[in-house]
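Engineer: here are the coordinates; sequence isn't available:
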């Protein structure tokens, strides 16, 4: 197939949940299909990593997302009763380039990653369109409103309402809409009951996240035993989660295990997270080239999310590394029962602390091999790749008078120039 792939952020480096999923989709489809990628970038490290996508794309167009322009568009949208999430990612230049590509490149199907990019093919009715919404973002904004200040509460509620209406509109008009969990699919299905909605789970690379392939560095051995939390530490729900754990559960654990420490491994730690690092028993790593050693050396991993949408990759990666994982019920609900049964699910701080200490002292149950095998069955690469391809083929088959073109390459596309607009 010839696929037009629209992504709201350049899917490299894979250091955030949405980028991990988008990169996996790109790499998986590139094995057997031709892909043109159109995306934005808003960080210097992303700008300098775009060439790493060369081997997966027939063509790639990356455009800088203006810091001022994106925020101004979002502000105007909010003031005029439109969803600011879509306005934030709108660009006339991007729209022109996408329309030019559609007019000249004879695509079989459009794959859109995130609802924010659907606007670029919203009125396109000649091509089948598949939307990977990943999460129902409108529900996230509504969740944010519950604990926000009065002004932000009004803004988040409005965004939740406006974005929900837009999500329903595009779900009704696209060939297929994909969500990452059954729970997220159910949320969208309640709002858009007639829409074709399916679940495409996240992939976890169990060959990469394999404890047998990772040694424990000496500096981390000196920190053992410790509890680990991993993730982007400028993301508000992650900041809230580590603060909650540090304040409510860690002191109870340390009363029984005075030697226990807490490691927070993730990029761009917020000021509140850095404050926690003033405690000599807490290590805030900042950006790390490889999170696996921090998981490998840990005694347990925690994901006490007070607000969670979709799948927490930190849970999948920690479990694949053989770690016992404790999570809040809001984080655990994203997993099918076979996997959720392997997670210690607890919202009460005292009960969480007691169970974690018992786990550290007595060893994980079930064994590492059992955890990894359960993950492989649900989140393995090959079956999910086949599912994604089948969704695209079904969309093509349903399109009138559409014949799928054969790709001119297979397995490994030849490198092509990557076009980057701006600096």
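Structural biologist: That came in fine, so what should we check first? Because the structure is a prediction, the values reported are computed rather than measured. Numbers count the residues shown, from 1 in each chain.

Engineer: for the stretch 101-250 of the chain, give me the ranges with low pLDDT.
Structural biologist: Judged by pLDDT under 70, the stretch 101-250 of the chain has no weakly predicted residues.

Engineer: which parts of stretch 359-374 are buried?
Structural biologist: The neighbour-count check on stretch 359-374 (16 or more other C-beta atoms under 10 Å) flags 359, 360, 364, 368, 371, 372, 374 as buried. C-betas here are computed from N, CA, C, even on glycine.

Engineer: so how far is residue 299 from the fourth one?
Structural biologist: So the one you mean is residue 368. With distances taken as C-beta to C-beta, to the nearest Å, residue 368 is found 13 Å from residue 299.

Engineer: the last one now?
Structural biologist: Between residue 374 and residue 299 the distance is 21 Å, computed by C-beta to C-beta.

Engineer: quick one: residue 124 is in a strand?
Structural biologist: No: checked against DSSP: H, G, I helix; E, B strand; the rest coil, residue 124 lies outside a strand; its state is coil.

Engineer: dump the residue contacts of it.
Structural biologist: Residue 124 sits next to 102, 110 when contact means C-beta atoms under 8 Å, 6 or more residues apart in numbering.

Engineer: need the contact list for the closest residue to residue 296 other than its chain neighbours.
Structural biologist: Leaving aside its chain neighbours, residue 296 sits nearest to residue 214 (4.3 Å; criterion: C-beta to C-beta, 6 or more residues apart in numbering). The contact partners of residue 214, by C-beta under 8 Å, 6+ apart, come to 292, 293, 295, 296, 321.

Engineer: show me what contacts residue 257?
Structural biologist: 225, 357, 360, 361.

Engineer: now for the longest strand belonging to the chain, which elements pack on it?
Structural biologist: Across the chain, the longest stretch assigned as strand under DSSP state E is strand 34-41. Taking 3 or more C-beta pairs under 8 Å, 6 or more residues apart in numbering; DSSP states H and E as contact, the helices and strands that strand 34-41 lies on are strand 2-7, helix 17-30, strand 59-64, helix 92-104.

Engineer: so it versus helix 92-104, what angle?
Structural biologist: Strand 34-41 runs at 170 degrees relative to helix 92-104, counting by axes from the mean of the first three to the mean of the last three C-alpha atoms, to 10 degrees.

Engineer: show me what strand 34-41 is in contact with.
Structural biologist: Applying C-beta under 8 Å, 6+ apart, the external contacts of strand 34-41 come out as 1-11, 26, 29, 47, 50, 53, 56-65, 89, 91, 94, 97-98, 101, 105, 107, 120, 407-409, 413.

Engineer: show the average pLDDT along whichever helix or strand comes after it.
Structural biologist: Using DSSP states H and E, the helix or strand that follows strand 34-41 towards the C-terminus is helix 44-47. Helix 44-47 shows a mean pLDDT of 80.

Engineer: tell me the domain ranges of the chain?
Structural biologist: Taking automatic domain parsing as the reference, the chain has its domains at 2-203+380-402, 211-377.

Engineer: how long is the shortest one end to end?
Structural biologist: As for domain 211-377, its first-to-last residue distance stands at 18 Å under the measure C-alpha to C-alpha, to the nearest Å.

Engineer: residue contacts, residue 120?
Structural biologist: Counting by C-beta under 8 Å, 6+ apart, residue 120 makes contact with 6, 38, 94, 95, 98, 112.

Engineer: for residue 118, see how far away the closest residue to it other than its chain neighbours is.
Structural biologist: Residue nearest to residue 120 in three dimensions, not counting chain neighbours: residue 98, with 4.9 Å by C-beta to C-beta, 6+ apart. The gap separating residue 98 from residue 118 is 12 Å, by C-beta to C-beta.

Engineer: okay, those two: which has more neighbours?
Structural biologist: Shown here are residue 98 and residue 118; by other C-beta atoms under 10 Å, residue 118 has more neighbours (24 against 21).
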